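Asks: below is the sequence, then the predicted model.
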Amino acid sequence: MAEEALITKDMVINDVIKKYPKTITVFSNFKVDSCCGGGFSIEKTAWMGGVDVDALLKALNKAASEENT
């Protein structure tokens, strides 16, 4: 049975960073605008930057789950 994702594509970037501070590194590594684009959903901001949303979500959820341990 798969784990439920902590972070989903419809979540707002700023909210994710507040809840899981380690994710800011992931956004930076994927070159996703977490400053000016931080008020938008992960999906919208990643799409605007040409980023693979699935790969980004996988990395974000990995960072978030490590933060919770």
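Replies: Nice, thanks for sending it over.
Asks: below-threshold pLDDT in this protein: ranges please.
Replies: By pLDDT under 70, the low-scoring segments of the chain are 1-3, 68-69.
Asks: now do the helices in it.
Replies: Remark: helices assigned in the chain by DSSP state H are 13-19, 23-29, 42-48, 53-67.
Asks: wait, which of those is closest to residue 4?
Replies: Of all these, it is helix 53-67 that lies closest to residue 4, at 9.6 Å by C-beta to C-beta. All C-beta spots, glycine's among them, are computed from the backbone N, C-alpha and C.
Asks: before we move on, the earlier item: columns mean neighbour count and distance to residue 6 on top of the helices of the chain, output as CSV?
Replies: Listed next are the helices of the chain as CSV, based on neighbours: other C-beta atoms under 10 Å; distance: least, C-beta to C-beta, whole Å:
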stretch, mean neighbour count, distance to residue 6
helix 13-19, 17, 8
helix 23-29, 18, 10
helix 42-48, 19, 12
helix 53-67, 17, 4
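Asks: would you format these as CSV with distance to residue 5 included?
Replies: Output for those, formatted as CSV (distance: least, C-beta to C-beta, whole Å):
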stretch, distance to residue 5
helix 13-19, 11
helix 23-29, 13
helix 42-48, 11
helix 53-67, 5
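Asks: residues contacting the closest residue to residue 67 other than its chain neighbours?
Replies: Counting by C-beta to C-beta, 6 or more residues apart in numbering, residue 22 is the residue found nearest to residue 67 once chain neighbours are left out, at 4.8 Å. By C-beta atoms under 8 Å, 6 or more residues apart in numbering, the contact set of residue 22 is 63, 64, 66, 67.
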